[in-house]
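Colleague: when you get a sec, could you give me coordinates for this:
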Amino acid sequence: MRRFFTPALFAALAGFALTPAAAQGRLLLLDQGAYVCALPGDATGAAWIEQEGRDFSITGGSSYRTPRGSGTYLMEGKTVTFTRGPMRGMKMMRLGSGLLQQIEPGGKLGRLRCHRTGPVRD
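Modeller: So this is what the prediction gives:
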């Protein structure tokens, strides 16, 4: 009887299956720049209501900055998870270039949206 899986082949296949790329998907980066966050308004007033203190800037690599401090994020596919810093634990869905929408704890899309407004501000 012929052996298809030698121990070395089995170890190589198991190692490949456990690599971060295979387990987590493709890692990406957000567009650098300043992001303004807002909630939708209504027909009687402003179309968008900016949320004071929610703005942030993507500064490079997987880093962001807010008025309260800096941190890091991880973007897998369209999902952005803030992993360190003042926004730690917040999740967002990338809807398009420069547009993010908050993901609520239950996985449902929330009302808060953040859009890229231009280069990083000092």
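Colleague: and Gly53, how far from Arg94?
Modeller: Gly53 is 22 Å from Arg94, where distance means Cβ to Cβ, to the nearest Å. All C-beta atoms are positioned from the backbone trio N, CA, C, and that covers glycine.
Colleague: the more surrounded of the two?
Modeller: For Gly53 versus Arg94, neighbours defined as other Cβ atoms under 10 Å are more numerous around Arg94 (17 against 10).
Colleague: quickly list what the more buried one is bridged to.
Modeller: Beta-bridge pairing for Arg94 (DSSP bridges): Leu100.
Colleague: that one against Met75, yeah?
Modeller: Yes. In this structure, Arg94 is within contact of Met75 by Cβ atoms under 8 Å, at 7.2 Å.
Colleague: pull the contacting residues for Thr79.
Modeller: Contacts for Thr79 (Cβ atoms under 8 Å, 6 or more residues apart in numbering) come out as 91-94, 103.
Colleague: what are the ranges of the helices in the protein?
Modeller: 7-17, 20-24 (DSSP state H).
Colleague: I'd like the average pLDDT over the longest one.
Modeller: Confidence over helix 7-17, taken as the mean pLDDT, stands at 43.
Colleague: adding pLDDT, write the contacts of Thr79 out as TSV.
Modeller: Formatted as TSV, the contacts of Thr79 follow (pLDDT from 0 to 100):
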residue	pLDDT
Lys91	98
Met92	98
Met93	97
Arg94	96
Ile103	98
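Colleague: first vs last residue of stretch 40-49, how far apart are they?
Modeller: 6 Å (Cα to Cα, to the nearest Å).
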